[in-house]
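**Student:** Predicted coordinates and the sequence they were generated for:
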Amino acid sequence: MSGKDGETLGGSTSDVPSTIPENNGTKEAENGQTQTVKSTTSLVELAKTIARETEKLEKYYKDIGHPLPGWEVDSSVDLPKFPDDIKKAREEVVKATKELEYLVTGPTESLRWMAWDHNNSLSLHTVYHYQIAKSFPVGETATYTQISEKVGLDELNLRRLLRHAMTNRIFKEVSPGVVAHTAASKLLAENQAMDDWVGFCTEDLWPAAARTIAAIELNPSANEPTQTGFCYANNTTDVEPMFVTFGKDPKRAKRMGGAMTSLTGGEGYEVSYLVNSYDWASLDARGATLVDIGGSHGFVSTEIAAKYPNMKFIVQDLPKTVATAPELPADLASRVSFQPYDFFTPQPVKGADVYLYRWIVHNQADKYAIKMLQQLIPALKKGARVLINDHCLRRPGVENMWDEKIMRTMDLVMLTLLNAQERTEEDFRELFAKVDPRFRFLGEKRPEGCRMAILEAVWEGEDFGGEA
Ligand SMILES: C[S@@+](CC[C@H](N)C(=O)[O-])C[C@H]1O[C@@H](n2cnc3c(N)ncnc32)[C@H](O)[C@@H]1O
């Protein structure tokens, strides 16, 4: 799905060149050099790709007896688990469909209407804010008058905002003035994590994004977590970073937690990629110790522990988080322990084999990431590994458009919320060099189908570590 061959997404369509002329008509090849790509693809070629790959997809649905996708309320909201070839076919359809849509719409109209995209957030915000999806039962209908009375939004505004949401297939009007659920509104009514995701995006991210340029104008270096678009939008500039603001507001903090569950439960982010794509076996063979820094409630460590019975794990997080960690079953509890720890202070576990940072480094601007990683050094034994599991950005146009959009959007989210950033492999290399030149950076590895990379560095300096 991704990776260095991401331009063609698998062999079956290697005859279909990319359409959008990235880098002024050049693309990065596997060897890092650039090659010229065609700036236009035949529309018919794209349509043929769509037809061919869609046939494979539809056949698979039929073969396994899974209902075909739909927008109706009784449609399945989850996709079946696809084998690799069908996963690729689906990605091809998405990619070719987006390209065809862009080409057929044309640059002028695409740009014109893209500039209106924030109105999608406005109508979605309305649906979330007034909890309209929960205002009448799934499978039933309600009039605008009934919904208006139930949620406390006047009927004129309800109708216009909801009719806009309907253009995104959230609710539908089944007869004049009568509203019914769709698959999307059912999701919002029944899936709390998705409701939290939409709430977090429309009530926390959106205002933060709208104030980000103002924040940058005020503080152009944009490297302080107290000088972000989020801070600007929340009147907390130079007062506190986002996590402190959320810490004072349990409802918002809980919503963000749900949103993260929704995001990280989505495809391309499964923990199984990390569990299955690193040589844990040789660490297991020697009963190695892993420290999971900022490991939350230990769900990553416990997944690795379940597969590798000889490894030991120490999950570190802030005291509040550690205090609420659920109890583990006895077989895991004997090997997975929790420790309150602030990662800006010296690492207390000396001599561990691996120190893991998953979804941690991208939360920090370079100056703080460097400070955080330097806390490890007095604890490191020679040969200790530092693993980072984060996005790793590639050059524009190398990734498939779908993944590229998600990863670059995440980079913007890091900017708006924390003045932090996603990084390229080169950025990580430079980061480790600044942390300490005695680290040897080994580079990145990205499992097929996963958006997160595993980046690794080995400590080749003095042996500071005692026994873990
Ligand atoms: C985005 S979550 C990542 C959780 C987990 N590693 C994962 O893979 O999903 C960031 C974690 O860092 C923790 N954290 C934030 N600041 C911290 C600090 N100064 N010291 C230790 N942990 C911290 C948070 O409590 C949270 O659990």
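**Tutor:** All right, it came through fine. Numbers count the residues shown, from 1 in each chain.

**Student:** Leu393: how many residues sit nearby?
**Tutor:** If you count neighbours by other C-beta atoms under 10 Å, Leu393 ends up with 21. To be clear about C-beta, it is placed using only N, CA and C from the backbone, and glycine gets the same treatment.

**Student:** typo on my end, it should be Asp74
**Tutor:** Asp74, neighbours per other C-beta under 10 Å, totals 12.

**Student:** any idea how far the ligand is from it?
**Tutor:** Note on Asp74: its distance to the ligand, by C-beta to the nearest ligand atom, to the nearest Å, is 34 Å.

**Student:** Would you agree that residue falls within a helix?
**Tutor:** No. Counting by DSSP: H, G, I helix; E, B strand; the rest coil, Asp74 falls outside a helix, being coil.

**Student:** Doesn't Asp390 belong to a strand?
**Tutor:** Yes. Asp390: assigned to a strand according to three-state DSSP.

**Student:** Which residues does it form beta bridges with?
**Tutor:** On the basis of DSSP bridges, Asp390 is bridged to Ala453.

**Student:** Isn't it up against Cys450?
**Tutor:** No. With contact defined as C-beta atoms under 8 Å, Asp390 does not reach Cys450; the gap is 11.5 Å.

**Student:** Report the contact partners of the residue of the stretch 151-300 of the chain found nearest the ligand.
**Tutor:** The ligand sits closest to Gly294 of the stretch 151-300 of the chain, with a gap of 3.1 Å, by C-beta to the nearest ligand atom. Each residue near Gly294 by C-beta atoms under 8 Å, 6 or more residues apart in numbering is listed here: 316-317, 343, 357-360.

**Student:** What residues sit buried inside stretch 230-244?
**Tutor:** Neighbour-count burial for stretch 230-244, counted by 16 or more other C-beta atoms under 10 Å, picks out 230-234, 236-237, 240-242.

**Student:** any idea where the helices of the stretch 351-468 of the chain begin and end?
**Tutor:** 366-374, 401-418, 425-435 (DSSP state H, counting those that start in this stretch).

**Student:** how about the longest one, does it reach the ligand?
**Tutor:** It refers to helix 401-418. No. Using C-beta under 6 Å from any ligand atom, helix 401-418 stays clear of the ligand, with a minimum separation of 10.5 Å.

**Student:** Enumerate every residue touching Gly461.
**Tutor:** 377, 380, 382, 436, 438-439.

**Student:** of all the helices of the stretch 351-468 of the chain, which lies closest to Thr167?
**Tutor:** Evaluated over the helices of the stretch 351-468 of the chain, closeness to Thr167 peaks at helix 401-418, with 20.5 Å, by C-beta to C-beta.

**Student:** pull the CA atoms of the closest one into CSV?
**Tutor:** Taking Å, rounded to 0.1, in the frame of the first residue of the first chain, the C-alpha atoms of helix 401-418 are listed here in CSV:
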residue,chain,number,x,y,z
MET,A,401,-2.2,10.2,-2.3
TRP,A,402,-4.5,8.8,0.4
ASP,A,403,-1.7,8.1,2.8
GLU,A,404,0.1,11.2,1.9
LYS,A,405,-2.9,13.3,2.7
ILE,A,406,-3.4,11.6,6.1
MET,A,407,0.2,11.9,7.1
ARG,A,408,0.6,15.5,6.0
THR,A,409,-2.6,16.4,7.8
MET,A,410,-1.3,14.8,10.9
ASP,A,411,1.8,17.0,10.6
LEU,A,412,-0.5,20.0,10.5
VAL,A,413,-2.4,18.8,13.5
MET,A,414,0.9,18.5,15.4
LEU,A,415,1.6,22.1,14.5
THR,A,416,-1.8,23.5,15.4
LEU,A,417,-2.0,21.7,18.7
LEU,A,418,1.6,21.4,20.0
